[in-house]
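1. Following is a predicted model, sequence given first.
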Amino acid sequence: MKKFSLLVLLISGLLWVGCNGYNQVVKSDDYGRKFELANSLYDGGQEVRSIALYEQVYQRMPKSSEGEIAYFRIGKAYYIGKDYYMAGYFLGQFSTRFASSPKAEEALFLSAMCSVQNSPESSLDQNDTELAINDFQQFVNRFPNSVLLDSCNHTIDRLRYKLEEKAYKSVKLYSKTENFRAAVSSAETFLADFPRSKFREEVFYVCVFNSFEYAKNSVENKKSDRYDEATERYRNFVAEFTESKYNVILTRLADGVEKDRTELETNKK
């Protein structure tokens, strides 16, 4: 027990000396020493602790080689520490401020990866997902011969699918809650934005079904035009999906429309 207590005291003493030495360097005017200690901490696996020193070095020597290294490592340290918003800012800025740096490519790629890390699950707001796609497209445009190109394209596809899934869920939700107009509008937007989606047939069906329901529940003077629109969508669906499992349901709705049309014409006379 006595040996254990001595060990604890020894470790505590070393930590105090280390912290005291670190604080002295932070407060000093010796920027060479700051840079040296920052590199030592960064290379020794204490990346986050090096940030304060690197920030001081960059502020003092922003256009020097030390400033360049410091700024890059600030961003990388935040990335390693999983503070992706701060990392994305510094790494993105690095690729602009030090555009000719050998580290510019890595910085821009990691900046885009920060946006990926900030991208939430598909049920939530997808602003960060859209930002990530834009970031990767900027990377591809700037470094078209990069060895990271395949990784970028794969990630872009994965992010686009997340947007597709989000849009699909929105269409389904509007339909489920019988918000017919919103269901039709969101479905048409989906079909235009994701023409080769695996959800295309189902979303197209939702569009036609809700179009019929929207027309049927409209005021009398709006019904005729909306029935025309619904019927046109129905015909386009049947032409594209001749063997669809939804055709029976939609055909029954279309037949019902004709009966309603007849009643409308009769009432006008």
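-> Right, received. Where do you want to start? Numbers count the residues shown, from 1 in each chain.

2. okay, now the domains of the chain?
-> 29-81+92-101, 178-269 (automatic domain parsing).

3. all helices for the protein, in order.
-> 2-27, 31-43, 47-60, 65-80, 84-97, 104-118, 127-142, 149-176, 180-193, 200-216, 220-240, 247-268 (DSSP state H).

4. Output these as JSON lines; include the columns mean pLDDT and mean neighbour count.
-> Every residue, glycine included, has its C-beta placed from N, CA and C. Converted to JSON lines, the helices of the chain look like this (pLDDT from 0 to 100; neighbours: other CB atoms under 10 Å):
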{"stretch": "helix 2-27", "mean pLDDT": "55", "mean neighbour count": "10"}
{"stretch": "helix 31-43", "mean pLDDT": "95", "mean neighbour count": "18"}
{"stretch": "helix 47-60", "mean pLDDT": "96", "mean neighbour count": "20"}
{"stretch": "helix 65-80", "mean pLDDT": "98", "mean neighbour count": "22"}
{"stretch": "helix 84-97", "mean pLDDT": "97", "mean neighbour count": "20"}
{"stretch": "helix 104-118", "mean pLDDT": "97", "mean neighbour count": "22"}
{"stretch": "helix 127-142", "mean pLDDT": "96", "mean neighbour count": "18"}
{"stretch": "helix 149-176", "mean pLDDT": "97", "mean neighbour count": "16"}
{"stretch": "helix 180-193", "mean pLDDT": "98", "mean neighbour count": "19"}
{"stretch": "helix 200-216", "mean pLDDT": "96", "mean neighbour count": "22"}
{"stretch": "helix 220-240", "mean pLDDT": "92", "mean neighbour count": "15"}
{"stretch": "helix 247-268", "mean pLDDT": "80", "mean neighbour count": "13"}
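
5. And the domains of the chain: which comes nearest Arg142?
-> domain 29-81+92-101 (8.0 Å; CB to CB).

6. gap between the two ends of the closest one?
-> 28 Å (CA to CA, to the nearest Å).

7. Same question for stretch 238-254.
-> Start-to-end, stretch 238-254 (CA to CA) is 11 Å.

8. Likewise for stretch 42-52?
-> End-to-end distance of stretch 42-52 (CA to CA): 11 Å.

9. which residues touch that stretch?
-> 22, 26, 37-39, 41, 54, 73-74, 76-78, 80-81 (CB atoms under 8 Å, 6 or more residues apart in numbering).

10. For Thr251, state which of those is nearest.
-> Tyr78 (58.8 Å).

11. just checking, the closest one touches Met86?
-> Yes. Applying CB atoms under 8 Å as the test, Tyr78 and Met86 come out as touching, 4.3 Å apart.

12. So which residue is smack in the middle of this protein?
-> Thr129 (1.1 Å; CA atoms, centre = their mean).

13. So what does the closest residue to that residue other than its chain neighbours look like in phi/psi?
-> Nearest residue to Thr129, sequence neighbours excluded (CB to CB, 6 or more residues apart in numbering): Ser119, at 4.3 Å. Backbone torsions of Ser119, given as degrees, to the nearest 10, read phi -70, psi 120.

14. Surely Ser119 and Gln126 touch.
-> Yes. Counting by CB under 8 Å, Gln126 is a contact partner of Ser119 at 7.4 Å.

15. which neighbours do those two share?
-> Each of Lys162 lies in contact with both Ser119 and Gln126 under the rule CB under 8 Å, 6+ apart.

16. quick revisit: can you redo the contacts of stretch 42-52 as TSV with distance to Asn217?
-> Formatted as TSV, the contacts of stretch 42-52 follow (distance: CB to CB, whole Å):
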residue	distance to Asn217
Tyr22	70
Val26	69
Leu37	72
Ala38	67
Asn39	70
Leu41	67
Tyr54	63
Arg73	62
Ile74	59
Lys76	58
Ala77	59
Tyr78	53
Ile80	57
Gly81	55
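
17. Out of those, which comes closest to Tyr174?
-> Out of the contacts of stretch 42-52, the member with the shortest distance to Tyr174 (by CB to CB) is Tyr78, at 39.7 Å.

18. residues contacting the closest one?
-> Residues near Tyr78 by CB under 8 Å, 6+ apart: 48, 51, 84, 86-87, 90.
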